[in-house]
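K.L.:
structure here, sequence nowhere to be found:
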């Protein structure tokens, strides 16, 4: 059985755009790098984020299975967090819907949930294409740039629940979550916003082994 974990105060130095008032949950820890390839979390995230250029290739079924697996994980944990009564919103990918590399993997996950009448809405969309954060290195987009690049779908704001859960694959700095949260609460100030992630990224301390 999967156990959801809340991001705690001691984690905030790794997710520096988040603060103690942010209610964010994750299912596993993801450590980037080839040395962790045998780790189940690493395999799941790597397959889930597989680039769209591999669509139709021999490796593509791995992505399809990862999408189904994530949907099964979320189906299990969302009711535990009482999020099945909330509005579930995928954090938009870096590419717009007209781009050849647009990847709707999280929208597909939410469409596969088996938790009754879940309220899933594509509330937020990107205005222009941006480089994916995990490929941007030190040139990651700033929080203000992300906010400026997001737009709310006014039609999707109607009859929305009192709590919105933003859903994404991996929380790193937390900038995409924070940008979406701010955008929503500027428009809907009485709505609570939480986050649900497959994993939180953990970066090993390079000095840890030297201290042992």
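P.N.:
Happy to help now that I have it. Because the structure is a prediction, the values reported are computed rather than measured. Numbering: from 1, shown residues only.

K.L.:
partners of the residue nearest the centre of the chain in the sheet?
P.N.:
By Cα atoms, centre = their mean, the mean C-alpha position of the chain lies nearest to residue 168, the distance being 1.2 Å. Counting by DSSP bridges, residue 168 is bridged to residue 197.

K.L.:
how far away is it from residue 177?
P.N.:
For residue 168, the distance to residue 177 equals 7 Å [Cβ to Cβ, to the nearest Å]. For glycine as for every other residue, the C-beta is placed from the backbone atoms N, C-alpha and C.

K.L.:
please enumerate the strands of the protein.
P.N.:
With DSSP state E, the ranges of strands along the chain come out as 5-6, 23-30, 87-90, 119-120, 124-126, 150-152, 163-171, 192-201.

K.L.:
quick one, which of these gets closest to residue 60.
P.N.:
strand 163-171 (17.5 Å; Cβ to Cβ).

K.L.:
and the closest one, what's buried?
P.N.:
Using 16 or more other Cβ atoms under 10 Å as the test for burial, strand 163-171 gives 164, 165, 166, 167, 168, 169, 170, 171.

K.L.:
overlap of the contact sets of residue 168 and residue 177?
P.N.:
Listed as contacting both residue 168 and residue 177 by Cβ atoms under 8 Å, 6 or more residues apart in numbering are 91, 195.

K.L.:
and the residue lying closest to residue 147 once chain neighbours are set aside, what is it in contact with?
P.N.:
Leaving aside its sequence neighbours, residue 147 sits nearest to residue 179 (Cβ to Cβ, 6 or more residues apart in numbering; 4.6 Å). Applying Cβ under 8 Å, 6+ apart to residue 179 gives the contacts 143, 146, 147, 150.

K.L.:
give me the neighbour count for the second one.
P.N.:
What that stands for is residue 146. When counting by other Cβ atoms under 10 Å, one arrives at 25 neighbours for residue 146.

K.L.:
from memory it sits against residue 175, does it?
P.N.:
Yes: when contacts are counted by Cβ atoms under 8 Å, residue 146 is listed as touching residue 175 (5.9 Å).

K.L.:
mutual contacts of the two, please.
P.N.:
With Cβ under 8 Å, 6+ apart, residue 146 and residue 175 have no common neighbours.

K.L.:
wait, doesn't residue 97 sit right on residue 122?
P.N.:
No: look at residue 97 against residue 122 with Cβ under 8 Å: they stay out of range, at 9.6 Å.

K.L.:
who has more neighbours, the two?
P.N.:
Shown here are residue 97 and residue 122; by other Cβ under 10 Å, residue 122 has more neighbours (15 against 11).

K.L.:
list the contacts of the more buried one.
P.N.:
Going by Cβ under 8 Å, 6+ apart, residue 122 touches 89, 90, 92, 107, 153, 156.

K.L.:
got the contact list for residue 65?
P.N.:
So residue 65 contacts residue 47 (Cβ under 8 Å, 6+ apart).

K.L.:
any chance you could map the helices in the chain?
P.N.:
Assigned helices in the chain, in chain order: 40-48, 60-77, 105-111, 143-149, 175-187, 208-211 (criterion: DSSP state H).

K.L.:
can you pull the contacts of residue 104?
P.N.:
Counted by Cβ under 8 Å, 6+ apart, residue 104 has contacts 93, 97.
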